[in-house]
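Let's see this in three dimensions:
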Amino acid sequence: MARIHLDGVGHSYDGGRTHALQPADILFEDGKTYALLGPSGCGKTTMLNIVSGLLFPSDGRVRLGERDVTRAAIADRNIAQVFQFPVVYRSKTVFGNLAFPLKCRNWDKARIERRVSEVAELLGLTARLGRSARSLTADEKQLISLGRGLVRDDVAALLMDEPLTVIDPQMKFDLRRRIKQANERTRHTVIYVTHDQNEAMTFADEILVMQAGRVIQRGTPKDLFERPLNAYVGTFIGSPGMNFVPATQSGGEIRVGGEIIRNDAPTIVGGTLTVGIRPEHIRLSATDRGLPARVIGVQDQGNVRVVELELADGARLKAKLPREHAIPADALRVVMPSQHAHIYADGVRADI
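Numbers count the residues shown, from 1 in each chain. Next up, the predicted model:
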């Protein structure tokens with residue numbers, strides 16, 4: 001295991017005219033699990049391939065621990081990588097697939113059997129060790145790909161590039177659980193690429209949200225959900241994303257539709273003001289003071305309902321309510337608790 005330091009690392013595929021990955025200084029600490037989260041084309045896989053050695057960066061240095069591996073071959077980096085589509089040796093059994101990296105390192109038979117058994121038990125593959133890899137399902141094959149990364153106890157890091165893309169949605173939860181449990185025991189440094197916020201939020205210790213080749217915010221899942229630094233992170237994280245409604249300021253007061261939402265605001269110079277609040281934090285009331293609103297739609301999501309609302313000034317927002325919470329039929333008011341209402345100027349957090 002090792003700390004990974006991208007020291008001013010960036011990459012251009014066109015000789016420097018544009019950067020797929022903007023030069024930046026990024027540190028991945030030893031033994032932690034990270035997710036690179038963002039839409040297609042934001043630079044996630046480029047960053048991952050630079051770490052693994054599949055791609056040499058245009059700018060900066062890559063360090064594993066104290067070693068500079070910027071131009072080192074893949075084999076010299078001692079990194080395991082799991083790709084989007086399962087890679088298995090179809091002619092081998094499950095045992096043979098898991099044992100292959102260890103045989104290449106000349107481990108003795110007893111040591112190989114012991115280690116393969118440990119990893120198979122960890123991933124729920126023990127009963128399948130004797131089966132041919134060609135007869136396995138897609139999720140089982142991806143578990144083998146993951147197992148080949150975990151079976152080596154000397155890897156510096158484990159990299160995963162959207163490993164659950166081809167997996168049946170009903171199996172994804174179980175696989176995420178198995179991957180997380182496996183890493184809690186092995187404590188590899190893990191970098192996990194995904195465009196799925198649910199995968200990132202349930203799997204990673206820390207998430208790096210990317211846009212247009214840049215990391216625009218990094219933090220724990222709780223940090224990103226409760227304190228997004230800009231409107232992009234606020235809307236990208238969460239389902240539905242954060243609401244942003246027009247606001248005005250007078251002294252320390254922030255108002256929405258004439259109602260005071262915050263009375264402790266800092267002085268904000270310039271910019272279009274909005275209040276950002278999560279749908280989960282909005283309350284609906286027929287008696288409390290709040291913003292008059294009308295219901296324009298309700299999405300039933302099983303144990304919760306997403307209520308689409310329109311304020312008196314035409315601004316729209318959503319509230320996410322437990323099913324047992326009634327939706328007032330008359331004199332509906334939207335209540336925005338001040339501790340959950342954040343202030344943004346031109347889409348950037350202004351009340352930090």
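
Could you name the helices and strands sitting against the helix or strand hosting E184?
For E184, the enclosing helix or strand under DSSP states H and E is helix 169-186. In terms of contacts (3 or more C-beta pairs under 8 Å, 6 or more residues apart in numbering; DSSP states H and E), helix 169-186 is packed against helix 109-123, helix 138-150, helix 197-203. For glycine as for every other residue, the C-beta is placed from the backbone atoms N, C-alpha and C.

by how many degrees do the longest one and helix 138-150 diverge?
Same thing as helix 109-123. Here the directions of helix 109-123 and helix 138-150 differ by 130 degrees (axes from the mean of the first three to the mean of the last three C-alpha atoms, to 10 degrees).

now could you export just the CA positions of helix 109-123 as PDB?
C-alpha atoms of helix 109-123 as PDB (Å, rounded to 0.1, in the frame of the first residue of the first chain):
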ATOM      1  CA  LYS A 109       1.500 -24.000  -3.800                       C
ATOM      2  CA  ALA A 110       0.500 -24.000  -0.100                       C
ATOM      3  CA  ARG A 111       0.700 -20.300   0.100                       C
ATOM      4  CA  ILE A 112      -1.300 -19.800  -3.100                       C
ATOM      5  CA  GLU A 113      -4.100 -22.100  -1.900                       C
ATOM      6  CA  ARG A 114      -4.200 -20.400   1.500                       C
ATOM      7  CA  ARG A 115      -4.400 -16.900  -0.100                       C
ATOM      8  CA  VAL A 116      -6.900 -17.800  -2.800                       C
ATOM      9  CA  SER A 117      -9.200 -19.400  -0.200                       C
ATOM     10  CA  GLU A 118      -9.100 -16.200   1.900                       C
ATOM     11  CA  VAL A 119     -10.000 -14.000  -1.000                       C
ATOM     12  CA  ALA A 120     -12.700 -16.400  -2.300                       C
ATOM     13  CA  GLU A 121     -14.300 -16.500   1.100                       C
ATOM     14  CA  LEU A 122     -14.200 -12.700   1.300                       C
ATOM     15  CA  LEU A 123     -16.000 -12.400  -2.100                       C
END
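
ok now it, how far from the chain's centre?
30 Å (C-alpha atoms, centre = their mean, to the nearest Å).

Let me know the angle separating it from helix 169-186.
Using the same axes, to 10 degrees: helix 109-123 against helix 169-186 is 130 degrees.

Repeat that for the second one.
Using the same axes, to 10 degrees, one finds that helix 138-150 and helix 169-186 are set 20 degrees apart in direction.

Give the buried residues for helix 138-150.
139-150 (16 or more other C-beta atoms under 10 Å).

want to throw the helices and strands packed on helix 169-186 into TSV with distance to Y344?
Compiled in TSV, the helices and strands packed on helix 169-186 are given as follows (distance: least, C-beta to C-beta, whole Å):
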stretch	distance to Y344
helix 109-123	44
helix 138-150	40
helix 197-203	20
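
mean pLDDT lowest for which of the ones you listed?
Least confidently modelled of the helices and strands packed on helix 169-186 is helix 138-150, at a mean of 85 by mean pLDDT.

Nearest spatial neighbour of G16, chain-adjacent residues omitted?
S58 (6.7 Å; C-beta to C-beta, 6 or more residues apart in numbering).

what sits against the one you found?
Contacts for S58 (C-beta atoms under 8 Å, 6 or more residues apart in numbering) come out as 10-12, 16, 19.

The same query, at a cut-off of 10 Å, please.
Counting by C-beta atoms under 10 Å, 6 or more residues apart in numbering, S58 touches 9-16, 19-21, 23, 50.

Spit out the contact partners of D346.
Neighbouring residues of D346 by C-beta under 10 Å, 6+ apart: 230-231, 270-274.

hmm, try it at 6 Å
By C-beta atoms under 6 Å, 6 or more residues apart in numbering, the contact list for D346 reads 271-272.
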